[in-house]
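> Give me a 3D structure for the following:
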Amino acid sequence: MGISPTSRSSRSSRRTRVRALTGLGALALATAGFAAAPAAQADQPVPETAGHTHPYRHGTVPTKEASAAATGKRTTNLKYGGGVDGIGVTTGAPKVYLVFWGTQWGTQGTDTNGYTTLTGDPMGEAVRAQQLFKGLGTNGETWSGVMTQYCEGVATGATSCPATAAHVGYPTGGALAGVWVDSSAAAPGQATGNQLAAEAVKAAGHFGNTTAASNRNVQYVVLSPTGTHPDGFNTASGNFCAWHDWNGDTTLSGGAAASPYGDVAFTNDPYVTDMGTSCGQNYVNSGSAGLLDGVTIVYGHEYSETVTDQNPAGGWTDSTGYENADKCAWKGTGGVGGAQNVAMATGSFAMQGTWANDYNNGAGGCEISHPVVH
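Below is the predicted model:
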């Protein structure tokens with residue numbers, strides 16, 4: 001579920017962390033005291049690290065610098081996990097709430113387009129995140145369509161969905177539902193999974209989503225400020241780009257977080273540009289145009305995995321625990337399923353392809369575009 005430089009996906013039927021996005025330059029590892037390995041070719045399969053020691057980091061993707069050889073990552077279709085607490089996928093129009101956690105984000109302002117700006121955001125990640133999630137489901141974009149082929153309410157182990165099943169919702173008109181700068185205290189230097197989940201639960205209360213029903217199609221993106229290391233991000237023990245989970249996962253570092261508001265899906269989105277090319281900088285676009293490529297690739301990766309596996313791993317994963325975006329991370333650029341720019345009403349964004357079970361006559365594969373399944 002989480003995008004990360006090191007692959008830590010769970011092989012458990014209940015846990016599949018988002019793997020950190022891999023494969024970009026040495027800058028991030030250099031800042032963490034690592035020597036960069038030679039970059040792999042963009043069209044080669046992304047290697048995965050051998051140690052799957054963090055089951056709660058669903059969907060994390062390994063960086064090229066920190067990975068070993070991958071096996072079978074892009075050859076098997078996803079299967080339905082049967083749901084957790086009755087939740088498999090996001091069935092309504094997805095809603096994304098952005099939570100900028102901590103006083104380190106600085107003073108809040110508003111730009112001419114109405115986006116929240118922050119003085120402690122040197123790379124402008126806050127505005128880019130708002131543009132991305134506001135743009136999903138606009139301009140007729142069909143990147144989101146790939147996810148709509150998946151559903152819940154089918155047999156555990158199913159690899160396809162009948163038309164009558166409850167499919168993943170399309171974010172018509174934009175997925176961004178709210179922005180909150182939580183400046184009540186400084187964000188922890190190294191937040192645990194439990195603290196991240198608790199911040200998401202706190203955000204649910206802030207936004208008035210105080211029932212299970214109001215959180216059913218919602219995800220809270222917890223964004224930590226530059227220089228922090230949530231769950232070990234950008235450290236020797238946590239070289240990942242992001243991951244996602246839900247508050248009730250007992251394998252979270254620090255344990256599950258209580259919620260009086262029903263199950264709460266959340267993402268640990270660190271300050272991605274602190275990892276430079278290791279988390280996607282200039283992966284699609286060169287020069288200044290690509291400085292925030294990793295931000296949209298990583299955030300899009302986690303969004304796509306949350307809507308298809310909202311309470312991991314009750315949704316869609318393959319036999320090794322990989323989620324839809326994991327199987328296509330750092331696949332290269334262009335073509336049917338490689339990373340490329342996707343046009344939305346709010347701009348053009350570098351995005352990666354995600355896995356489609358129905359591609360290639362049911363053999364499966366990565367796609368950047370797919371007709372919306374209603």
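> Now do stretch 309-318: distance from first to last residue.
Taking C-alpha to C-alpha, to the nearest Å, stretch 309-318 runs 11 Å from one end to the other.
> Would you mark the buried spots in it?
309, 310, 311, 312, 313, 314, 315, 316, 317, 318 (16 or more other C-beta atoms under 10 Å). The way it works is simple: take the backbone N, C-alpha and C, and place the C-beta from them, glycine included.
> Look up the closest residue to the fourth one, ignoring the ones flanking it.
Translated: residue 312. residue 58 (4.2 Å; C-beta to C-beta, 6 or more residues apart in numbering).
> Please apply the same query to the first one.
Of all residues beyond its chain neighbours, the one nearest residue 309 is residue 315 (3.2 Å), with distances taken as C-beta to C-beta, 6+ apart.
> hang on, the earlier thing: would you confirm that the residue nearest to residue 312 contacts residue 246?
No. Residue 58 is beyond contact range of residue 246, at 9.2 Å (criterion: C-beta atoms under 8 Å).
> Just confirm residue 304 is within a helix.
Yes. Counting by DSSP: H, G, I helix; E, B strand; the rest coil, residue 304 falls inside a helix.
> which residues do residue 58 and residue 246 both contact?
Residues touching both residue 58 and residue 246 (C-beta atoms under 8 Å, 6 or more residues apart in numbering) are residue 312.
> Give me the more crowded residue out of these two.
residue 58 (35 against 29; other C-beta atoms under 10 Å).
> beta partners of the more buried one?
In this entry, residue 58 is beta-bridged to residue 17, by DSSP bridges.
> Low-confidence ranges, the protein, go.
In the predicted model, the chain carries pLDDT under 70 at residues 1-55, 59-74.
> So which residue is dead centre in it?
Centroid-nearest residue in the chain, with C-alpha atoms, centre = their mean: residue 302, separated by 1.1 Å.
> and the gap between that residue and residue 326?
As for residue 302, its distance to residue 326 is 11 Å (criterion: C-beta to C-beta, to the nearest Å).
> How about residue 125?
According to C-beta to C-beta, residue 125 and residue 326 sit 22 Å apart.
> buried residues in the helix or strand where residue 205 lies?
In this structure, residue 205 sits in helix 193-206 according to DSSP states H and E. For helix 193-206, burial by neighbour count (16+ other C-beta under 10 Å) applies to 193, 194, 195, 196, 197, 198, 199, 200, 201, 202, 203, 204.
> want to throw the residues you listed into a markdown table with distance to residue 223?
As requested, the buried residues of helix 193-206 are arranged in a markdown table below (distance: C-beta to C-beta, whole Å):
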| residue | distance to residue 223 |
| --- | --- |
| 193 | 16 |
| 194 | 18 |
| 195 | 14 |
| 196 | 11 |
| 197 | 15 |
| 198 | 15 |
| 199 | 10 |
| 200 | 11 |
| 201 | 16 |
| 202 | 14 |
| 203 | 11 |
| 204 | 16 |
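> so which of these would you say is closest to residue 138?
residue 203 (24.1 Å; C-beta to C-beta).
> Let me know whether the closest one touches residue 96 as I believe.
No. Residue 203 lies out of contact with residue 96 (C-beta under 8 Å); the separation is 11.4 Å.
> okay, how far is it across stretch 310-327, tip to tip?
Using C-alpha to C-alpha, the distance between the terminal residues of stretch 310-327 is 17 Å.
> swap in stretch 238-258?
For stretch 238-258, the end-to-end distance is 25 Å (C-alpha to C-alpha).
> Next: stretch 121-141.
28 Å.
> what's the answer for stretch 145-153, then?
Criterion C-alpha to C-alpha; first-to-last residue distance in stretch 145-153 is 19 Å.
> next one: that stretch to chain centre, how far?
17 Å (C-alpha atoms, centre = their mean, to the nearest Å).
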